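Novice: sharing a sequence plus its predicted fold:
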Amino acid sequence: MSRLRVTLTAPLVLITALALGLTVFLNLGKLDRTITELAQSRLQFTVDNLRENLETGLDLGLSVRALGNAQAALDAEMAQDPAIVSITVFESDGAIAFHSGREPADAASARPLKIERSDVVLASLSDNLGHRAGRIELRYARAGHDALMEELSRRLGLAGLAAIAIATLLSILGVRWWLQGSVGAAAGTRP
Amino acid sequence: MTPAQPAAYRPTRHLFLFALALLFATQLGLSLYAWSLSERLLLPELNRKAQTSGSSMARKLERALDYGIPLRRMEGVGEYFDDVLKQNKDLAYLRVSDLAGATVFRSSHAPAAAAQGDTGDYLDTALPLHHQDTAIGWLHVGVDKGHLASRVRELRYDIGIVLLTSLLIAFEVLWFIVTFNVAEPGLQTAEQKSQQRVVLVRVLTFLFMFAEMLSRPFLPVYAAGLAQDIGLPEGLRASLPLSAFLLAVALAMPGAGRWSDHAGRRNSYVAGALLVVLGLSVTGLVPHYLALIAARATTGVGYALMFMSCQGYVFDHTGADQRAKGMALFVGAIMVAEICAPAVGGILADRIGYRMVFIVGAAIALAAALIAMYVLDNHKRHAAAIAEPDLRALSETYTAATPQPQPQPLTAAPALPLRQLAGNRRFLALAILTGIPAKFMYTGFLIFLVPLLLTSLGHSKSEIGRYTMLYGLGCLLLAPVFARLADRYNAYAALVAAGGLLTGLGMLPVFMGASAELVMLAIGALGIGQAMSISAQLVLVVRVTQAQTQGGGSGAVLGLFRLVERLGAAAGPVATGALVVSSSPSQAMLWLGGASVSASLLFALLFALPSMRRNSTKGSAGTATPAAGARP
């Protein structure tokens, strides 16, 4: 009887644990995407603000490199948000025109060096004729996002483990009840 | 449950109820905790969004003020706010007020009271508006405190699917364990014994179907993405691996049945499972288009072997009087997998990627092989029984509730009267206008077009998996109902015609423009349409070929009909792919709908209406039409 109890309890606990694990996994995945989307949409405002600012100059016929207020605008945005790692303005040929940030730009590769783990928000620059003049690339640190996800994972993981422990206990009791009560009664009815 | 049923069955229900309560309570508790946690921990993130977006908008307004435009006379502020709110669903309202608090501009998703400053459920961030260093008003950015939790609550469908799937799997596994460990010693009758043997193979059927169907919501999209340099248009690239699988199934099925009879059920099941493991592993590990096609064909052969082994096992262990019940259990497992697997596959694909889902499928098929080695006896059919291919053809339908013809003792395989069948117009009408279109719609629309179309509409794989569940639910719930109605009213031809018509009509509204709702409508119509028609089709095949099958049994004819249907199924994806190439996914859906409606109307004209007239004449003459149970 004890072998049967284990045979019944084990898959019940295993399926419950798998279902709970999948639920934790789904929740963390959704939260991760939600936080990423939130950060992206927040910083899209910053990039759009910069784009409008720079395109005012482009509409006057200036080239990207000739935009006098660009560096100051980049520095101002950098100062406003500690999550921003760097903001770079590229010309249409991919060369760096302006750069502001905690990370230096690598002039040789025309890329900002990636030191911190970061994500990117982009916006393209066009002149008033609709010609593509360059692009803005904003990198923001994932450190805060990672820390938040770590905290959420820890709390949800603990909650999941607690739920599995409760499910295990209930499964043991439930299977015991079922074997003792119902099957016992059923066995009594057998010829 | 009757008193005659085994005693061990009655308490099994209690065990299932316990499992249901346990899974439901634990998942609900954990989900509620996750939602409350997300609300608490993520609110500061939302606040930052309000600050950043508010600063950006305030700067724009201040720029206008610097051009000398008074706040109250600014044009287009409301439209601008509307646009911002449209693009940022997490923002509940935007409001500009003067220093006294009176609203100047306002745009809101939230109730008017909230946007006026009554911010109980909303987090209000107020940013000053300056003109020449003097504050002249405020910009209020409101975010819904429950927004993040509501985003996380979007998971409720996914979690519901996890719950449903875990319940169904728990049900299958517990039933299997109870049958294997508890019920066996208490067996009383041959019927109970055979039913319990069928339960043993039911879990194996469920497992291999589940393994294979996991990739349903994304396989065409995955295939199309693999071979961009192969020179084929996207629609065809997406369809060829599906057709390779279906063609392999169609061609391998007859041989697989015979080989399973000779090699034994366990050997053939394990061989099939290992082929599926190989096929799915190669699909997951080798991201190459030609390897994908070869792997899908291999998986198809393995699928055919496993299918025929399970079905053969049911036939081996059921007598004529329990066969319908045995097939109901077998088909039930297929339908449960049809409901669960695409939904779970979609969820997994969104989280772990397409290729890992194939590996998960391979692992499940391997587990199925191990279980089969342990529980299946290697039963081989003896020579006389091998010559009885007839009822196998019937079982590949979702017709559990329809009483099936009695098996006929045969001593030799009946020769197929191909010439006579080719001259049988009603058989041809059935095969060409209903049999092939039904399978064509199933594979061309549900398996191929739905993932492509919904992906092009921006839906996730989880959503695609959820939508395709509708088909399985429709079939599972309604097929027995329609089968009973068909038997009761002798309405086989009418149901076949109506089923095809409904399938086609469900697809036609896409002319208004493709949307998820219209695709769902079409999936639902397909499920109901197939539930109406598939069981009735086979009854009609038996009836209209009586002259050709006299003395030999209907098995060979049904087998031929099934083969023709399967070839139609194999053609479905590639033909629909060609339609996609020449037009668009939504146009292809319209074409499929039109084709189904036309075929069904033609069938009704050629077949159903004359049948109904004949029936009514017979009825008025006082001659009862034989009921399904009395059919040959």
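Specialist: The structure has been received and is ready for your questions. Numbering: from 1, shown residues only, chains lettered A, B, ... in the order given.
Novice: mind checking how far the residue lying farthest from the centre of chain B is from residue B:455?
Specialist: The outermost residue of chain B, judged against the average C-alpha position, is residue B:132 (63.6 Å), by Cα atoms, centre = their mean. Taking Cβ to Cβ, to the nearest Å as the measure, residue B:132 falls 53 Å from residue B:455. (Each C-beta comes from the backbone N, C-alpha and C, glycine too.)
Novice: next: residue B:83.
Specialist: Here residue B:83 is placed at a distance of 28 Å from residue B:455 (Cβ to Cβ).
Novice: so how far is the helix or strand harbouring residue A:37 from its chain's centroid?
Specialist: According to DSSP states H and E, residue A:37 maps onto helix A:2-59. How far helix A:2-59 lies from its chain's middle: 7 Å, per Cα atoms, centre = their mean, to the nearest Å.
Novice: with stretch B:591-609 instead?
Specialist: From the chain centre to the centre of stretch B:591-609 is a distance of 25 Å (Cα atoms, centre = their mean).
Novice: need the residues that contact that stretch.
Specialist: If you take Cβ atoms under 8 Å, 6 or more residues apart in numbering or on different chains as the criterion, stretch B:591-609 is touched by B:425-426, B:429-430, B:432-434, B:437, B:441, B:444-445, B:449, B:493-494, B:496-501, B:503-508, B:510, B:522, B:576, B:579, B:583.
Novice: for the residue of the stretch 351-500 of chain B found nearest chain A, which non-adjacent residue is spatially closest?
Specialist: Per Cβ to the nearest Cβ, residue B:351 is where the stretch 351-500 of chain B lies closest to chain A, at 5.2 Å. The shortest distance from residue B:351 to any non-neighbouring residue, by Cβ to Cβ, 6 or more residues apart in numbering or on different chains, is to residue A:29 (5.2 Å).
Novice: number of nearby residues for that neighbour?
Specialist: When counting by other Cβ atoms under 10 Å in any protein chain shown, one arrives at 16 neighbours for residue A:29.
Novice: that one and residue B:462, how far apart?
Specialist: Applying Cβ to Cβ, the value for residue A:29 to residue B:462 is 10 Å.
Novice: quick one: common contacting residues for the two?
Specialist: residue B:350.
Novice: did I read that right, residue A:100 in a strand?
Specialist: Yes. Looking at residue A:100 with DSSP: H, G, I helix; E, B strand; the rest coil, it is inside a strand.
Novice: so what's it closest to, chain neighbours aside?
Specialist: That would be residue A:74: by Cβ to Cβ, 6+ apart, it lies 3.8 Å from residue A:100.
Novice: could you report the pLDDT at residue 187?
Specialist: You didn't say which chain, so I picked chain A. Residue A:187 carries a pLDDT value of 53.
Novice: sorry, should have said chain B
Specialist: Predicted confidence (pLDDT) for residue B:187: 52.
Novice: residue B:356 too?
Specialist: Residue B:356 carries a pLDDT value of 94.
Novice: from the chain's centre, how far out does the host helix or strand of it sit?
Specialist: Assessed by DSSP H and E, residue B:356 sits inside helix B:354-375. For helix B:354-375, the separation from the chain centroid amounts to 20 Å (computed by Cα atoms, centre = their mean).
Novice: which strands and helices lie in contact with it?
Specialist: Judged by 3 or more Cβ pairs under 8 Å, 6 or more residues apart in numbering or on different chains; DSSP states H and E, helix B:354-375 is in contact with helix B:190-213, helix B:265-285, helix B:323-352.
Novice: packing partners of the last one?
Specialist: In other words, helix B:323-352. helix A:2-59, helix B:156-178, helix B:190-213, helix B:289-316, helix B:354-375, helix B:390-395, helix B:461-489.
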